[in-house]
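[1] 3D, please:
(2 chains)
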Amino acid sequence: MKQAFFKKAVSVFAALAMVIGLAGGLASARTVAAEEEPIRIGTIYAMSGGNAAIGENILRGIDFAVEEINAQGGVNGRMLEVVRGDHAGDPAQGKSEAERLITQEHVDVMMGCHMSTVTEVVAQVCTQYGVPMITAISTLDRLSDEDHEAMDYFFRLCPLNSVYVEDMLKYLKDASEQTGEEIKTIAIFTDRAAIGQELIRCVELYKDEYGFDLVDTIDYSSNATDLSAQVLALKKADPDAILCDSYIGDATLFVQTLKAQNYIPKMIVAKANGFTDPAFLSNLGAAANGVASVVEFNPDLLNGEEINAEFSEKYGLNMNGHSAESYTVVWIFKTAIEAAGSTDGEAVRDAIAELDIQGEFPGGRKIILPYDRIKFENYDLAGAPHFRDNTSASVAIAQVQDGEWKTVWPFDFTETEILYPAPLQ
Amino acid sequence: MSTFLQACVNGLLMGGFYSLMGMGQNVIFGVMKIVNFCHGEMLMVGMYLTWLLHQTFGLDPYLCVPIVAVIMFCLGAVIQHTLITPALGTKSFTNLLFLTVGLGLLLSNGALVLFGSEYRSISTSYSMTYINLGPVTMALPRLISFGVLLVVSVALFTFLKYTTVGKQIRAVSQNPVGAEVVGINTKRIYILTYGLGVALAGIAGALLTGFYTIFPTAGASFGFRALIVVVVGGLGSIPGAFFAGIFLGLLETMVALFISPSYSDLIVFVTFIVILVVRQLIVLRRK
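    Presented below is the predicted three-dimensional model:
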């Protein structure tokens, strides 16, 4: 009987000791985990389907920044880790990927997406779960308009579509400093599809403010068999500058037709798309010389030369606009999480809203994009309120010179002069 | 005035392509009474063949024309023998419609898988050469292409008019039963005509590569215009298709010049519908 009691007491003690020991062990394990558990950045881009190549470029920029930051000791002593989601170009899949990353992978912050329609859906999910999200490249104006005011965990780094067009007009205005000839009349040459309508809308919005006379708007259907009629109409209108937006097939045919119709406009400024497709230069060769286009980043940008050298050594190709903007977003998250002192969603969101980066990131590089301040603000754009956009964002203008894209504007970010009039040969 | 002349030349140079496409379509329709809905995709295949020949052997795109024509003829003959002839037996128009539409989808998606969605082009030493004739400028490749098209068209007329095979083709197109009765092998004629039609589309494709980008859906807009040409020029009529093609090219540029480039597609299609309706009314009145 006594023995039995003793046995029982021993086993109870043993069990108690085990429970205490286990709890202690667990507690110490937990503190170690908290120190070493990485900060998880969720990314949602197209990694399959027709746009996979774009997703790849974006992820290169993100990986490059993450490696750089981790090599410096991480954020608040924690490493960064990227958790990849794939939206395959489909908003429905974007939504389910966002939910998966938040509820199962427990990401702390989110980046995405490549298509504005997908970004919109993902931003709603992030706001619902209180996960801060920054888009590096979604340019559709309405993502930050009144209807989306409530998406208060969502911020946008890149310029809006209308800022792209406004910058094209600013460039035309500023160019007279170098060319000595003032631009007075402009014409639009563009696709009848959505991209063209957007260009026309934005030019209408700003042309009076910049004092340009829009003399003609010429459009065509995508993949046109022939553009000679359109070019003849441009020739008749003979504007000082042509603004255009086209897909690659039509962009190539456009420049060829200009030559065939013996019409060399003095200035052509494109809103990227087909004009900055690598095939544009290889299709046209010297005939493209003088064509200018909006770019978000260019390897010869004074701020970007250094990082591009490192980037191209690592990946064997130049940094492009998408990789440069995504790179920058990772640095914004780092800076904001450090300011917030934790990865709590609300604290990080408030830190992003408070952020004001001038010139360079604390402990990092100069801003590698063609502007020198990052601050997310609520503001009025052409009379309509917008929310949480980086109001300092702008684009650069590059021009094809000797078969290569050279940055020519803003003048502070380059040493190359504008080639005027465009030779097209 | 100089703009008008330039627009005429542009319309003529482009119309030549519509003619060639329409004639290919009409050769097939005339004999078999089927509309070849993958005609535009055949043009695209011709473009990629030319590109491949240019990439691998460094052949000039214009030297590729006869080679592409032969390959495309064989391709057409095989398709006719293995797919279309059996389907003709069912006497069902829907069957043939789905067959040719499906073939078109297969070809353009096949090209997407094989070559990707990049827009390619062939550049030659003369692709950026332009000829000035008074007030009019022409790109040399377009001019050469137009010359070749004229030669091909004349050759096609002569072939159909004077050679025995040509006469057999016309005989089958006028009365297939009668032709069979007098001893013409109609199946063989079917193979020949489909091959011929596809070869004409291939030639158009090869000639286009001198100044047009190559991509998997490049044929779509040309294929669609070929249908208009066939309807306007008269189903089965080769000279009709020739002139209708030129007419379509000129109409496009003239509308753009005198009205607005934005309306050129709209007006072309409205004209197309008007011609269809008017012709229908005339036919009804005659009855």
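[2] could you pull out the helices for the stretch 201-350 of chain A?
    A:228-237, A:248-260, A:278-284, A:305-315, A:321-340, A:345-354 (DSSP state H, counting those that start in this stretch).
[3] The stretch 51-200 of chain B too?
    B:61-79, B:85-88, B:93-115, B:140-162, B:164-174, B:176-181, B:186-208.
[4] quick check: mean pLDDT across the first one?
    Put plainly, it is helix B:61-79. The pLDDT scores in helix B:61-79 average 95.
[5] One more: stretch A:68-87?
    94.
[6] Show me how far it is from its chain's centre.
    19 Å (Cα atoms, centre = their mean, to the nearest Å).
[7] repeat for stretch A:140-157
    Distance, centroid of stretch A:140-157 to centroid of chain: 15 Å (Cα atoms, centre = their mean).
[8] And stretch B:80-88, by the same measure?
    21 Å.
[9] Okay, buried residues for it please.
    Neighbour counts over stretch B:80-88 (16 or more other Cβ atoms under 10 Å in any protein chain shown) mark B:Gln80, B:His81, B:Leu83, B:Ile84, B:Thr85, B:Leu88 as buried. Where C-beta positions appear, they are placed from N, C-alpha and C, glycine not excepted.
[10] Now tabulate the helices of the stretch 201-350 of chain A in CSV and tack on mean neighbour count.
    Below are the helices of the stretch 201-350 of chain A laid out as CSV (neighbours: other Cβ atoms under 10 Å in any protein chain shown):
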stretch, mean neighbour count
helix A:228-237, 22
helix A:248-260, 25
helix A:278-284, 19
helix A:305-315, 15
helix A:321-340, 24
helix A:345-354, 18
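[11] Is it possible to get a markdown table of those helices that adds distance to chain B and mean pLDDT?
    Formatted as a markdown table, the helices of the stretch 201-350 of chain A follow (distance: least, Cβ to the nearest Cβ, whole Å; pLDDT from 0 to 100):
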| stretch | distance to chain B | mean pLDDT |
| --- | --- | --- |
| helix A:228-237 | 3 | 90 |
| helix A:248-260 | 4 | 90 |
| helix A:278-284 | 4 | 85 |
| helix A:305-315 | 20 | 93 |
| helix A:321-340 | 18 | 94 |
| helix A:345-354 | 37 | 95 |
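[12] Distance to B:Leu96 for those - can I get that in a markdown table?
    Putting the helices of the stretch 201-350 of chain A into a markdown table (distance: least, Cβ to Cβ, whole Å) gives the following:
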| stretch | distance to B:Leu96 |
| --- | --- |
| helix A:228-237 | 36 |
| helix A:248-260 | 31 |
| helix A:278-284 | 37 |
| helix A:305-315 | 51 |
| helix A:321-340 | 47 |
| helix A:345-354 | 61 |
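[13] can you dump the C-alpha coordinates of stretch A:289-307 into CSV?
    Only the C-alpha atoms of stretch A:289-307 are listed here, as CSV (Å, rounded to 0.1, in the frame of the first residue of the first chain):
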residue,chain,number,x,y,z
ASN,A,289,16.5,56.3,-84.4
GLY,A,290,14.8,59.3,-83.0
VAL,A,291,11.6,57.6,-81.7
ALA,A,292,11.1,58.5,-78.0
SER,A,293,9.1,56.7,-75.4
VAL,A,294,8.1,56.8,-71.8
VAL,A,295,10.2,54.4,-69.6
GLU,A,296,10.0,53.8,-65.9
PHE,A,297,13.7,53.0,-65.7
ASN,A,298,16.5,52.8,-68.2
PRO,A,299,20.0,51.4,-67.6
ASP,A,300,21.7,54.7,-68.3
LEU,A,301,19.6,56.7,-65.8
LEU,A,302,22.2,58.4,-63.6
ASN,A,303,20.6,57.0,-60.4
GLY,A,304,20.4,53.5,-61.8
GLU,A,305,23.7,52.9,-63.5
GLU,A,306,25.4,51.4,-60.4
ILE,A,307,22.6,49.0,-59.5
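[14] Could I get the buried residue list for it?
    A:289-301, A:303-304, A:307.
[15] Stretch B:36-53 too?
    Taking 16+ other Cβ under 10 Å as the criterion, stretch B:36-53 shows B:36-51, B:53 as buried.
[16] Kindly report the same for stretch A:373-392.
    Quick answer for stretch A:373-392 (16+ other Cβ under 10 Å): A:Ile374, A:Phe376, A:Leu381, A:His386, A:Phe387, A:Arg388, A:Asp389, A:Asn390, A:Thr391, A:Ser392.
[17] From A:Gly290, how far off is A:Phe413?
    20 Å (Cβ to Cβ, to the nearest Å).
[18] Same check on A:Glu325?
    In terms of Cβ to Cβ, A:Glu325 sits 27 Å off from A:Gly290.
[19] any idea how far B:Val113 is from the residue in the stretch 151-287 of chain B that chain A sits nearest to?
    Nearest residue of the stretch 151-287 of chain B to chain A, counting by Cβ to the nearest Cβ: B:Ala256, 3.1 Å away. Here B:Ala256 is placed at a distance of 36 Å from B:Val113 (Cβ to Cβ).
[20] More neighbours: which of these two?
    Each of B:Ala256 and B:Val113 has its neighbours counted (other Cβ atoms under 10 Å in any protein chain shown); B:Ala256 has more, 28 against 8.
[21] was I right about that one contacting A:Ala233?
    Yes. Using Cβ atoms under 8 Å, B:Ala256 is in contact with A:Ala233, at 6.6 Å.
[22] So which bits of the stretch 101-250 of chain B are right by chain A?
    B:117-121, B:123, B:128, B:130, B:132, B:137-139, B:142, B:211-213, B:215, B:217-218, B:220-222, B:225 (Cβ under 8 Å from any Cβ of the partner chain).
[23] hmm, try it at 6 Å
    B:Glu118, B:Tyr119, B:Ser121, B:Met128, B:Thr137, B:Ala139, B:Thr213, B:Phe215, B:Ser221 (Cβ under 6 Å from any Cβ of the partner chain).
[24] show me the contacts for the third one.
    Looking back up the chat, that one is B:Ser121. B:Ser121 makes contact with A:Asn283, B:Thr213 under the criterion Cβ atoms under 6 Å, 6 or more residues apart in numbering or on different chains.
[25] what pLDDT does it get?
    87.
[26] hang on, the earlier thing: in strands only, show me the buried residues of stretch A:289-307.
    Those of the buried residues of stretch A:289-307 mapping onto strands are A:Val291, A:Ala292, A:Ser293, A:Val294, A:Val295, per DSSP state E.
[27] Distance to chain B and pLDDT for the residues you listed - can I get that in CSV?
    Formatted as CSV, those follow (distance: Cβ to the nearest Cβ, whole Å; pLDDT from 0 to 100):
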residue, distance to chain B, pLDDT
A:Val291, 15, 94
A:Ala292, 20, 94
A:Ser293, 17, 94
A:Val294, 20, 94
A:Val295, 20, 92
